[in-house]
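J.: Just the structure for this:
(one chain, ligands or ions: 3)
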Amino acid sequence: MDSLKNYIETNKERFISELIELLKIPSISADSAFAQDVVDAAQTVAKALENAGCAHVEICETSGYPIVYGELNVDPALPTVLVYGHYDVQPPDPLELWESPPFEPVIKKDSLHPDGAIYARGASDDKGQFYMHIKALEYMTAQNILPCNLKFMIEGEEEVGSNNLSTFVKANREKLANDVILISDTGMIANDVPSITTGLRGLSYMEVEVIGPNRDLHSGLYGGAVANPINILIKMISSLHDENNRITIPGFYDKVEDLSEEERAEMAKAPFNLEEYKSALDIDAVYGEKGYSTNERNSIRPTLDVNGIWGGYTGEGAKTVIASKAYAKISMRLVPHQDWEEISDLFTSHFKSIAPEGVKVKVTKHHGGQGYVTPIDNIGYRAASKAIETTFGKTPVPQRTGGSIPIVALFEEELESKTILMGFGLDSNAIHSPNEHYGIWNYLKGIETIPYFYKYFAELSQ
Ligand code: BES
Ligand code: MN
Ligand code: MN
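T.: Residues are numbered from 1 along each chain as shown. Ligands and ions are numbered 1, 2, ... in the order given. Coordinates of the predicted model:
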């Protein structure tokens, strides 16, 4: 593939400007005000796939946002790779913390990104990452050197739980049949420490409501005499962790697999600098479950976090009031073998059981998904490892991440294939946060690496 680097060098300005056009579309799946934009993004992706030489592209309607599906069959004797990604993005708020508007992409340089980084919502998660696959495809079809059959499936509801994609996958098992699934929607340790993600955490996302008196009350006239839903909610949430920061929900840890000392020692070899970690976040100490390192806490251990909490008066000045209701959104990150529906049920009954007299509690389930771990002794992992070695000049480190892509476990269940998580983002990309960005170096490196994955996967499949 002598011409690959040349091709990228010659076309990089266009690769960047095409991505910038896609990033201008505010495809926020969580907010129905942007419904038309989400659909527009699907159409843009479909066109990009066609332009890159994908022979057969469809926009598959669902009861939510469409799935962009593409197929390119080279030879039935060759292996088939299914590429998955998502064109929807997280809401950009709080807007005032963005240095440039989230859907007006700009390129800025800093010490981590001497070649510049594109700042926009979705730059790294996941538009910039799946678009690398479309540009890698463009190169391979232009040179007529595609060594695998390809299927593309780019959805628009990943950030809201992929419910319609689950239905689509279950209904289209033959159409989606493949030898391996390839996803770029995760990160690497650093640009000079490439890694391949070998595990994802599961997720259970809940909302709770604590209901006190039938109306907001004067906090002087009634204060001290009735349960204050906000006080109670805080007390209940505080009790969900013990003094060692372990989760107190009965049965929560029953299915959690403890790693062997060997596995933990292996994990501890991944480069990690605690001082840099703290200083990047402006914190003077890390915090978490007793007995585990930072990298263990955020990957192989389950967690429970409040994502939002509200109730009462939060406007300007002071209002003396006891609110009638208090609310919180609570997520639990899970590890393989913990079943998200079962954990959601455990949470629900426990949370209801700890409510004191004087309040009512409502618990609702949002979305969730199972965790995933993949072994590294399969040809998919080996192909990714060789590809990264070729373009980075270093063997990648296997690493379990704390994030979730719930559909991956379903792929394994329904399509019976392994997923290779070959992502090129960095933790510092600020995904889901203000000022999300994606390094241009990472973008181009991804485009360079992907064709080698196909090459080695085809060779190793023989
Ligand atoms: N791409 C992320 C997941 C991710 C990012 C994994 C970086 C590892 C490293 C994905 O888009 C995401 O945000 N997933 C959600 C779950 C979903 C159900 C909303 C998450 O992890 O919060
Ligand atoms: Mn993503
Ligand atoms: Mn995301």
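
J.: Tell me where the chain has helices.
T.: With DSSP state H as the criterion, the chain has helices at 3-23, 35-51, 127-143, 163-171, 229-238, 261-267, 274-281, 294-297, 340-353, 379-392, 407-415, 440-461.

J.: Those: lowest mean pLDDT?
T.: With a mean of 91, helix 261-267 has the lowest mean pLDDT of the helices of the chain.

J.: how about it: buried residues?
T.: Residues residue 267 are the ones in helix 261-267 that count as buried (16 or more other CB atoms under 10 Å). Yep, even glycine has a C-beta here, placed from its N, CA and C like the rest.

J.: For residue 9, see how far away the residue at the greatest distance from the centre of the chain is.
T.: Going by CA atoms, centre = their mean, the residue of the chain most distant from its centre is residue 221, 47.9 Å out. Distance of residue 221 to residue 9, computed by CB to CB, to the nearest Å: 74 Å.

J.: Next: residue 254.
T.: In this view, residue 254 and residue 9 are 54 Å apart by CB to CB.

J.: what do you get for residue 454?
T.: 21 Å.

J.: between those two, which one's more packed in?
T.: More crowded of residue 454 and residue 9, by other CB atoms under 10 Å: residue 454, with 24 against 10.

J.: quick one, what contacts the more buried one?
T.: When contacts are counted by CB atoms under 8 Å, 6 or more residues apart in numbering, residue 454 is found next to 81, 140, 146-148, 150.

J.: So which bits of the stretch 151-300 of the chain are right by ligand 2?
T.: Within the stretch 151-300 of the chain, the positions adjacent to ligand 2 are residue 185 by CB under 5 Å from the ion.

J.: Neighbours of the closest residue to ligand 2 within the stretch 151-300 of the chain, how many?
T.: Proximity of the stretch 151-300 of the chain to ligand 2 (CB to the ion) peaks at residue 185, 4.1 Å away. When neighbours are defined as other CB under 10 Å, residue 185 has 23 of them.

J.: tell me the phi and psi of it?
T.: Main-chain dihedrals, residue 185, degrees, to the nearest 10: phi -150, psi 30.

J.: Contact partners for it?
T.: Counting by CB under 8 Å, 6+ apart, residue 185 has contacts 84-86, 125-126, 129-130, 158, 405, 421, 423.

J.: Domain parsing of the chain, as residue ranges.
T.: 4-200+371-460, 204-256+302-369 (automatic domain parsing).

J.: hey, which of those is tucked in deepest?
T.: domain 4-200+371-460 (a mean of 20; mean count of other CB atoms under 10 Å).

J.: Could you tell me which residues make contact with the residue in the chain positioned nearest to ligand 1?
T.: Across the chain, the shortest distance to ligand 1 (CB to the nearest ligand atom) belongs to residue 403, at 2.4 Å. The contact partners of residue 403, by CB under 8 Å, 6+ apart, come to 186, 200-201.

J.: got the residues of the protein near ligand 1?
T.: Counting by CB under 6 Å from any ligand atom, the chain comes close to ligand 1 at 125-126, 158-159, 161, 185-187, 203, 367, 369, 401, 403-406, 431.

J.: Pretty sure residue 190 sits against residue 426.
T.: Yes: using CB atoms under 8 Å, residue 190 makes contact with residue 426 at a distance of 6.9 Å.

J.: Distance-wise, check residue 148 relative to residue 454.
T.: 5 Å.

J.: no no, residue 141
T.: For residue 141, the distance to residue 454 - CB to CB - is 12 Å.

J.: swap in residue 173?
T.: 23 Å.

J.: same thing with residue 139?
T.: Distance from residue 139 to residue 454, by CB to CB: 11 Å.

J.: again with residue 63
T.: For residue 63 relative to residue 454 (CB to CB), the value is 34 Å.

J.: same check, this time on residue 6
T.: For residue 6 relative to residue 454 (CB to CB), the value is 19 Å.

J.: quick one: which of the residues of the chain next to ligand 1 sit in strands?
T.: Judged by DSSP state E, the subset of these located in strands is 187, 203, 367, 369.

J.: from the residues you listed, which two are the most distant?
T.: 187 and 367 (22.3 Å; CB to CB).

J.: residues touching residue 447, list them.
T.: Residue 447 sits next to 8, 15, 132, 135-136, 139 when contact means CB under 8 Å, 6+ apart.

J.: try it again with 10 Å
T.: Residue 447 makes contact with 4, 7-8, 11-12, 15, 131-139, 391, 424 under the criterion CB atoms under 10 Å, 6 or more residues apart in numbering.

J.: ditto for residue 91
T.: Residues near residue 91 by CB under 10 Å, 6+ apart: 26, 28-31, 34, 102, 121, 159, 432.

J.: circling back to that earlier point, any chance of the ones in strands among the residues of the chain next to ligand 1 in a markdown table, plus pLDDT?
T.: As requested, those are exported to a markdown table (pLDDT from 0 to 100):
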| residue | pLDDT |
| --- | --- |
| 187 | 97 |
| 203 | 96 |
| 367 | 88 |
| 369 | 93 |
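
J.: for the residue nearest to residue 338 when sequence neighbours are not counted, phi and psi?
T.: Excluding the flanking residues, the one nearest residue 338 by CB to CB, 6 or more residues apart in numbering is residue 255, at 5.1 Å. When read as degrees, to the nearest 10, the backbone of residue 255 gives phi -100, psi 0.

J.: if we can go back for a sec, of the contacts of residue 185, which is the nearest to residue 353?
T.: residue 405 (32.4 Å).

J.: what pLDDT does the closest one get?
T.: Per-residue confidence (pLDDT) for residue 405: 96.

J.: do the same with residue 77
T.: 96.

J.: which residues touch it?
T.: Contacts for residue 77 (CB under 10 Å, 6+ apart) come out as 149, 462.

J.: ok, back up a step: got CSV for the domains of the chain, with distance to residue 277 too?
T.: Output for those, formatted as CSV (distance: least, CB to CB, whole Å):
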stretch, distance to residue 277
domain 4-200+371-460, 9
domain 204-256+302-369, 17
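
J.: mind listing what residue 210 touches?
T.: Per CB under 10 Å, 6+ apart, neighbours of residue 210: 227-237, 311, 323-328, 351, 355-356, 359-362.

J.: what sits in contact with each of residue 141 and residue 454?
T.: The contact sets of residue 141 and residue 454 overlap at residue 150 (CB under 10 Å, 6+ apart).

J.: Now the residue nearest to residue 97 when sequence neighbours are not counted, what are its backbone angles?
T.: In this structure, residue 97 finds its nearest non-sequential neighbour in residue 434, 3.8 Å apart by CB to CB, 6+ apart. Dihedral angles phi and psi of residue 434 (degrees, to the nearest 10) take the values phi -60, psi 150.

J.: My understanding was that the residue nearest to residue 338 contacts residue 370; is that so?
T.: No: assessed by CB atoms under 10 Å, residue 255 is found out of contact with residue 370, at 11.3 Å.

J.: which neighbours do those two share?
T.: 334-339.

J.: which residue sits closest to residue 366, ignoring its sequence neighbours?
T.: That would be residue 205: by CB to CB, 6+ apart, it lies 4.0 Å from residue 366.
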